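**Q** Below is the structure, and that's it, no one-letter string:
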Ligand code: BEZ
Ligand code: FE
């Protein structure tokens, strides 16, 4: 009896039936027909990403059932988006931003576990060659806006100071424009600069209280926002990229707490942990000490970096 049982157990498993290829297009099999076209030498990751995209794109079409005219509108919309994209304007990134895709990719790739500074969108107005300044410098070159003292420390996840961290900062001016949007109107490199944390991890500089501003909405993305009755404004913020050897670089913002658009950011970039407390200071002695006019605003903001993943 035992011998017989052994024999049964040894039996070869039934052969998997060969996967049936789909050659001809049908609505029912549309996904499989497209996915089956890739060959044996297909790059695995590209195939995975494309197959997943096709699966969801076909599901969208089957659910939304666009008319031929609507499909052509979509094609023209994407064509216009491409034509508007240049070295100076990236309409496709704006599309990704306003559909919440940039924030989704960003958040899935940078989940923070132990109170490290959260990241948010980079946006199109960063430039890599901003001037390097010593701590305490004033980056507001047009003299507009309420003066702000920005200060804090760069720390590791155990809240120990990180000296020599680089803080790349940029923001819009009092009128809601970045310097690169107003060449010849604002001084070049207005409201941007690179600072380095000192031996105690401290950084500090002078700037202007930021203002909310609309994202560029005179193109295809603007048409979409108008058709959806959506707000084009971004709540007031300062941008930072904070980096240090051995740590993950964080691309982030500090938001002002009193902006009317905080809960309606056109690109979904607000995270509660990034809303700062800007204090009103009226203290002539302190102002003189810091080289600030009196009164002024002051914000203390610490950046917490996570260790670089190996
Ligand atoms: C920005 O904050 O600079 C920005 C981000 C996304 C789209 C447009 C502007
Ligand atoms: Fe911005």
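**A** Right, received. Where do you want to start? Values in this document were obtained by computation on a predicted structure and should not be read as measured data. Residues are numbered from 1 along each chain as shown. Ligands and ions are numbered 1, 2, ... in the order given.
**Q** Only C-alpha atoms from now on, for both contacts and neighbour counts.
**A** OK.
**Q** State the helix or strand in which residue 152 lies.
**A** strand 147-156 (DSSP states H and E).
**Q** same for that strand, what does it pack against?
**A** strand 202-208, strand 296-300, strand 303-305 (3 or more CA pairs under 8 Å, 6 or more residues apart in numbering; DSSP states H and E).
**Q** go again using 10 Å as the cut-off
**A** strand 202-208, strand 278-281, strand 296-300, strand 303-305 (3 or more CA pairs under 10 Å, 6 or more residues apart in numbering; DSSP states H and E).
**Q** Show me which residues of the stretch 201-310 of the chain are close to ligand 1?
**A** 215, 267 (CA under 6 Å from any ligand atom).
**Q** ok and the residue in the stretch 201-310 of the chain nearest ligand 1?
**A** Among all residues of the stretch 201-310 of the chain, residue 215 sits closest to ligand 1, at 4.7 Å; criterion: CA to the nearest ligand atom.
**Q** Could you list which residues are in contact with that residue?
**A** For residue 215, the contacting residues are 94, 98, 123-124, 176-177, 221-222, 231-234, 265-267, by CA atoms under 10 Å, 6 or more residues apart in numbering.
**Q** out of the residues you listed, which are inside strands?
**A** Under the assignment DSSP state E, the contacts of residue 215 contribute 233-234 to strands.
**Q** in the stretch 201-310 of the chain, which ranges drop under the pLDDT threshold?
**A** Judged against pLDDT under 70, the stretch 201-310 of the chain has no low-scoring part.
**Q** how about the helices of it, start to end?
**A** 220-227, 284-290 (DSSP state H, counting those that start in this stretch).
**Q** Show me the residue at the heart of the chain, geometrically.
**A** Taking CA atoms, centre = their mean, the centroid of the chain lies closest to residue 121, which sits 1.6 Å from it.
**Q** who's in contact with it?
**A** 97, 102-107, 239, 251-253, 267-270.
**Q** Can I have the buried ones of these as a ChimeraX selection?
**A** Buried members of these, defined by 16 or more other CA atoms under 10 Å, are picked up in ChimeraX with:
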select :97,102,103,104,106,239,251,252,253,267,268,269,270
